[in-house]
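**Q** the amino acid sequence is not available; the structure is as follows:
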């Protein structure tokens, strides 16, 4: 088992930022050969790291600190009026836990979601190789939760189970079904999952104040932000 204190890390060359126009980004990532287990992954998450495929990374930009890791303290979270309506609206969904998501039915939903909702992003156009490398991992910590209505796949959430919480790796959903607010619903569902597992936090990745695509994360209050190497809570 590797220790966080002796991990090797590497930085990428500067590259265009995926979230803020005209910004240049640099990424710090953990040695791909490191022995990652639940304990080490959890410590890295506490220090602002995220997973993409087999890589654990964190922004390391010289001139910008806009990417802020955020998490929800689930025991303190209470649904607001809008979230209660979203929860009720999706009470008819059935949840299953597939062992893998390499099948065409999962990829088709992912492709529809990326091609319709994120055509301006760096994952467009969707392709299956990128899909599998992005959302799968070999550390036996990843779980998939599929949401169905009458046999139709409506959403799928990819999460990692840590000893200090759940990491919301990615969720994709039916881009045509706007009435259900499926993205928000899946976060609410993951908050409830963390509660049932007696895990303290749901890690939502990075939040950028001036990025409209990330504004939804600020709706889950209270929210904890990782700033200057410590977690601080905002309640409004």
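**A** In hand now; what should we look at? Being a predicted model, the structure only gives us computed values, none of them experimental.
**Q** what's the neighbour count on the spatially closest residue to residue 12 that is not a sequence neighbour?
**A** Leaving aside its sequence neighbours, residue 12 sits nearest to residue 27 (Cβ to Cβ, 6 or more residues apart in numbering; 4.6 Å). From N, CA and C alone the C-beta is placed, and that goes for glycine too. The burial count assigned to residue 27 is 18, neighbours taken as other Cβ atoms under 10 Å.
**Q** cool, and the one 3 residues further on?
**A** For residue 30, the count of nearby residues is 23 (other Cβ under 10 Å).
**Q** residue 179 - how many residues pack around it?
**A** 8.
**Q** show me what contacts the spatially closest residue to residue 134 that is not a sequence neighbour?
**A** Excluding the flanking residues, the one nearest residue 134 by Cβ to Cβ, 6+ apart is residue 53, at 5.3 Å. If you count contacts by Cβ atoms under 8 Å, 6 or more residues apart in numbering, residue 53 has them with 133-137.
**Q** what about 7 Å?
**A** 133-134, 136-137 (Cβ atoms under 7 Å, 6 or more residues apart in numbering).
**Q** go on, residue 161?
**A** 141, 143.
**Q** quickly list what it is bridged to.
**A** residue 166 (DSSP bridges).
**Q** next one: it from residue 97, what distance?
**A** Separation of residue 161 from residue 97 (Cβ to Cβ, to the nearest Å) stands at 12 Å.
**Q** identify the contacts common to those two.
**A** Joint contacts of residue 161 and residue 97 (Cβ under 7 Å, 6+ apart) are residue 143.
**Q** who does the helix or strand of the chain with the lowest mean pLDDT pair up with?
**A** Lowest on mean pLDDT, DSSP states H and E among the helices and strands of the chain sits strand 15-16, with a mean of 90. Each strand paired with strand 15-16, and its direction, by DSSP bridges: strand 24-25 (antiparallel).
**Q** same for the helix or strand just after the partner strand, what does it pack against?
**A** Tracing the chain C-terminally past strand 24-25 and defining elements by DSSP states H and E, one meets strand 27-30 next. Applying 3 or more Cβ pairs under 7 Å, 6 or more residues apart in numbering; DSSP states H and E, one finds that strand 27-30 contacts strand 9-11, strand 55-59.
**Q** for residue 204, grab the count of nearby residues.
**A** Residue 204 has 23 nearby residues by other Cβ under 10 Å.
**Q** who's in contact with it?
**A** Neighbours of residue 204 in contact, by Cβ under 7 Å, 6+ apart: 70-72, 168, 217.
**Q** 6 Å instead?
**A** Counting by Cβ atoms under 6 Å, 6 or more residues apart in numbering, residue 204 makes contact with 70, 168, 217.
**Q** residue 144 too?
**A** 98, 101, 158.
**Q** tell me the one among those nearest to residue 119.
**A** For these, the closest approach to residue 119 (Cβ to Cβ) belongs to residue 158, at 21.1 Å.
**Q** what's the residue lying closest to that closest one once chain neighbours are set aside sitting at in phi/psi?
**A** What sits nearest to residue 158 in space, not counting adjacent residues and going by Cβ to Cβ, 6+ apart, is residue 169, at 4.3 Å. Phi and psi for residue 169, reported as degrees, to the nearest 10, are phi -70, psi -50.
**Q** you'd agree residue 169 is up against residue 162?
**A** No: assessed by Cβ atoms under 6 Å, residue 169 is found out of contact with residue 162, at 11.2 Å.
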